[in-house]
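1. fold the following, please.
(one chain, ligands or ions: 2)
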Amino acid sequence: MSVAIIGAGAFGTALAVSLASKGPVTLWGRDIGWAEARENPRLPGVTLPPALHVTDRLDEIAAETVLLALPAQVLGGFLAEHGARFDRRNLVSCAKGIDLATLTGPSALIAAACPQARVAVLTGPSFAADIARGLPTALTLACADAGTAEALQRRLSTATLRLYRTTDVTGAELGGALKNIIAIAAGAAIGAGYGDSARASIVTRGFAEMLRLATALGARPETLPGLSGLGDLVLTCTSEQSRNFRYGLALGTGRDFAAGTTVEGAATARAVTRLAERLGIEMPISNLVAGLAQGSIAMEHALDFLLNRPLKEE
Ligand SMILES: NC(=O)c1ccc[n+]([C@@H]2O[C@H](COP(=O)([O-])OP(=O)(O)OC[C@H]3O[C@@H](n4cnc5c(N)ncnc54)[C@H](O)[C@@H]3O)[C@@H](O)[C@H]2O)c1
Ligand SMILES: O=P(O)(O)OC[C@H](O)CO
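-> Ligands and ions are numbered 1, 2, ... in the order given. As a prediction, this is how the structure comes out:
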């Protein structure tokens, strides 16, 4: 099964490096001025292996399996322009977010643009730098078609990248999208000096929010405690390698945050607020993060926002 990756950011490049250990891989990026040096500045210190071909020409992407590693908020635009050329293939979403324009996840965007494609999701706790360096990592591969899930699991696992499979695409995808919101809240709590006990409460109550929304949208409840949900939530809420966590730290400390950094949780929190309102689901942490990200809630009011809610059963 031939493999290509669309999106030469940190994650697409890291996956390409790992998968090139098993055979030729083509990586497409729109800005690949760095390709000749064989090192992507988004993944410093990692030399691209010879089996990895980097291109900015979409007509070179002929592979049977294509991984889409673009940020969630740009995926819809990319598919509107180029989706037709990828129909009828295995298309694996690697993005962790909810599209603000449609309030749907990346897999639904792909299915709408490429109706004949077999759509899958690759998600779970993994920093690009860890994957690229060959550190041991376990991920979830989700595809509604069990046979395709097995074939993709075999092809996309490497010596250091261990994939578990599921047919619950909705659950796997939502776990990866929603944990980014909670990681922003956890970072903000640490940045504001609220302490580790507060962070533990945010992670736990955040997980309850994730479960509520995901099951209302059709996820299987048993998927959320897996790698794609709880696993990624724990990673992202506890590591400064996470951009979502670091963005939260910046909100909490009042410091600037590097513009142009991919922080999926900010837009996804806004999407979730709208979805939750539509479904009548309480998502206080997500609402807070949406408010902080948009500037409609000030950090000094964040605690009141969470602590002044009515007392209730856990
Ligand atoms: N970095 C990680 O550790 C990691 C791990 C797991 C999942 N992810 C997910 O992977 C996705 C991509 O993240 P990343 O870390 O690679 O981001 P990144 O910021 O490193 O790279 C984003 C890439 O998208 C490209 N891009 C932006 N707009 C584009 C457009 N309109 N057309 C074509 N290309 C465009 C940029 O040029 C850049 O190469 C996100 O959804 C993220 O949540 C990232
Ligand atoms: O850097 P972040 O916050 O986008 O997190 C990267 C991955 O999603 C962690 O699994």
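2. who in the stretch 51-200 of the chain is up against ligand 2?
-> Contact residues, the stretch 51-200 of the chain versus ligand 2 (C-beta under 6 Å from any ligand atom): Lys96, Pro125, Ser126, Phe127, Asn180, Ala183. All C-beta spots, glycine's among them, are computed from the backbone N, C-alpha and C.
3. one more time with 8 Å
-> Residues of the stretch 51-200 of the chain lying close to ligand 2 by C-beta under 8 Å from any ligand atom are Lys96, Thr123, Gly124, Pro125, Ser126, Phe127, Ala128, Gly176, Lys179, Asn180, Ala183.
4. pLDDT score assigned to the second one?
-> Note for Thr123: predicted pLDDT of 98.
5. measure it to Gln153 for me?
-> 13 Å (C-beta to C-beta, to the nearest Å).
6. what about those two, which has more around it?
-> Thr123 (28 against 20; other C-beta atoms under 10 Å).
7. beta-bridge partners for the more buried one, please?
-> Thr140 (DSSP bridges).
8. and Ala84, what pLDDT?
-> pLDDT, Ala84: 95.
9. what does the one 3 residues further on give?
-> On pLDDT, Asp87 comes in at 95.
10. which residue is the nearest non-sequential neighbour of it?
-> Counting by C-beta to C-beta, 6 or more residues apart in numbering, Cys114 is the residue found nearest to Asp87 once chain neighbours are left out, at 4.3 Å.
11. so that neighbour touches Asn90, yeah?
-> No - using C-beta atoms under 8 Å, Cys114 is not in contact with Asn90, being 10.5 Å away.
12. more crowded one of these two?
-> Set Cys114 next to Asn90 and count neighbours by other C-beta under 10 Å: Asn90 wins out with 23 against 20.
13. circling back: which residues does the residue nearest to Asp87 contact?
-> Cys114 sits next to Leu79, Gly83, Ala84, Phe86, Asp87, Arg88, Arg89, Leu91 when contact means C-beta atoms under 8 Å, 6 or more residues apart in numbering.
14. and the pLDDT at it?
-> 97.
15. dump the C-alpha coordinates for the helix or strand of the chain with the lowest mean pLDDT into CSV.
-> Between all helices and strands in the chain, the lowest mean by mean pLDDT, DSSP states H and E belongs to helix 302-307, at a mean of 84. Output in CSV follows, covering the C-alpha atoms of helix 302-307 (Å, rounded to 0.1, in the frame of the first residue of the first chain):
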residue,chain,number,x,y,z
ALA,A,302,-12.0,32.9,35.1
LEU,A,303,-12.2,31.4,38.6
ASP,A,304,-15.5,33.0,39.4
PHE,A,305,-16.8,31.7,36.1
LEU,A,306,-16.1,28.1,37.2
LEU,A,307,-16.5,28.3,41.0
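16. and the helices in the stretch 201-314 of the chain, which stretches?
-> Using DSSP state H, counting those that start in this stretch, the helices found in the stretch 201-314 of the chain span residues 232-238, 243-253, 264-279, 284-294, 302-307.
17. can I get the ones you listed in CSV with mean neighbour count and distance to ligand 2?
-> Listed next are the helices of the stretch 201-314 of the chain as CSV, based on neighbours: other C-beta atoms under 10 Å; distance: least, C-beta to the nearest ligand atom, whole Å:
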stretch, mean neighbour count, distance to ligand 2
helix 232-238, 23, 5
helix 243-253, 23, 4
helix 264-279, 21, 6
helix 284-294, 22, 13
helix 302-307, 14, 20
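18. just the pLDDT for Met1.
-> For Met1, the predicted pLDDT is 88.
19. and for it, the neighbour number?
-> By other C-beta under 10 Å, neighbour count at Met1 equals 12.
20. correct me, but Val92 touches Leu67?
-> Yes - taking C-beta under 8 Å as the definition, Val92 is a contact partner of Leu67 at 4.6 Å.
21. overlap in contacts, the two.
-> Joint contacts of Val92 and Leu67 (C-beta under 8 Å, 6+ apart) are Leu122, Leu156.
22. burial count for the residue in the chain that ligand 1 sits nearest to?
-> Proximity of the chain to ligand 1 (C-beta to the nearest ligand atom) peaks at Gly9, 1.8 Å away. Neighbour count for Gly9, taken as other C-beta under 10 Å: 18.
23. that one and Thr236, how far apart?
-> From Gly9 to Thr236 the distance is 17 Å (C-beta to C-beta).
24. spatially central residue for this structure, please.
-> For the chain, the residue sitting closest to the mean C-alpha position, by C-alpha atoms, centre = their mean, is Lys96 at 2.1 Å.
25. need the contact list for the closest residue in space to it that isn't next to it in sequence.
-> Leaving aside its chain neighbours, Lys96 sits nearest to Gly176 (3.9 Å; criterion: C-beta to C-beta, 6+ apart). Listed by C-beta under 8 Å, 6+ apart, the contact partners of Gly176 are Lys96, Val121, Thr123, Gly124, Ser228, Gly229, Asp232.
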